[in-house]
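*Asks:* kindly return the folded structure for what I paste below:
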Amino acid sequence: MWRHWGVTAVGGLRLALRANRGRPRRWFGSKPEEGKCPAGSGSATPAKAGAGGHSAFKLPGYKPSAFDKKMLMWTGRFKRVEDIPPVVSFEMINTARNKMRVKVSYGMVIITILSCFATIISGKKAADRHESLSAINMAKKARWKKERQQEADVAKKE
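*Replies:* I've put the predicted structure just below:
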């Protein structure tokens, strides 16, 4: 890419776009090389490994609830509840929750499409019976008018 590209502004200020900044190019989804700290990442010293070889920046373990265990099973991470360890990483729980969100949204889309078809079918059946909303509304208003008139007649007699 461009190493240095810039425009000189008023007063001698130099605005520069530096796309590379000495970092190795990373493609979509690729991980940085292990043990190397990219230039300009903010830390001059690499993170010390904690107990068990985990990075010092990782979050501590998460004790899953019964619902979290069901989500881990439903998303296919574990086959049985007994296989789930007592402490799992937050990333694993978060991934399972995201997969469940996607599955629930797919289910809602399917339910919406099915309800649209059910509405279309019931509307066609009502049209075959010569029912319409305007006819139902007019009948209801006529019934209300008749009831009001009966109440007025009863009020006049008393």
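
*Asks:* pLDDT weak spots in the chain?
*Replies:* 1-59 (pLDDT under 70).

*Asks:* and E91, how many neighbours?
*Replies:* When neighbours are counted by other Cβ atoms under 10 Å, E91 registers 11. For the C-beta atoms, the positions are set from N, CA and C on the backbone; glycine is no exception.

*Asks:* how much space between R97 and E82?
*Replies:* 21 Å (Cβ to Cβ, to the nearest Å).

*Asks:* more neighbours, the two?
*Replies:* R97 (14 against 7).

*Asks:* can you point out the buried residues in the longest helix out of those in the chain?
*Replies:* For the chain, the longest helix by residue count, based on DSSP state H, is helix 90-128. Of all the residues in helix 90-128, those buried under the rule 16 or more other Cβ atoms under 10 Å are 92-93, 96, 99-100.

*Asks:* could you pull out the helices for this structure?
*Replies:* 66-74, 90-128, 133-157.

*Asks:* relative to P60, which of these is closest?
*Replies:* helix 90-128 (8.3 Å; Cβ to Cβ).

*Asks:* can you give me the angle that closest one makes with helix 133-157?
*Replies:* Comparing the axes of helix 90-128 and helix 133-157 via axes from the mean of the first three to the mean of the last three Cα atoms, to 10 degrees yields an angle of 70 degrees.

*Asks:* I'd like the numbering to begin with 704 instead of 1 from here.
*Replies:* Right, with 704 as the first residue, what we last looked at is helix 793-831.

*Asks:* what's helix 793-831 packed up against?
*Replies:* helix 769-777 (3 or more Cβ pairs under 8 Å, 6 or more residues apart in numbering; DSSP states H and E).

*Asks:* need the contact partners of the helix it packs on.
*Replies:* 767, 781-784, 787, 791, 795-796, 799-800, 803, 806 (Cβ atoms under 8 Å, 6 or more residues apart in numbering).
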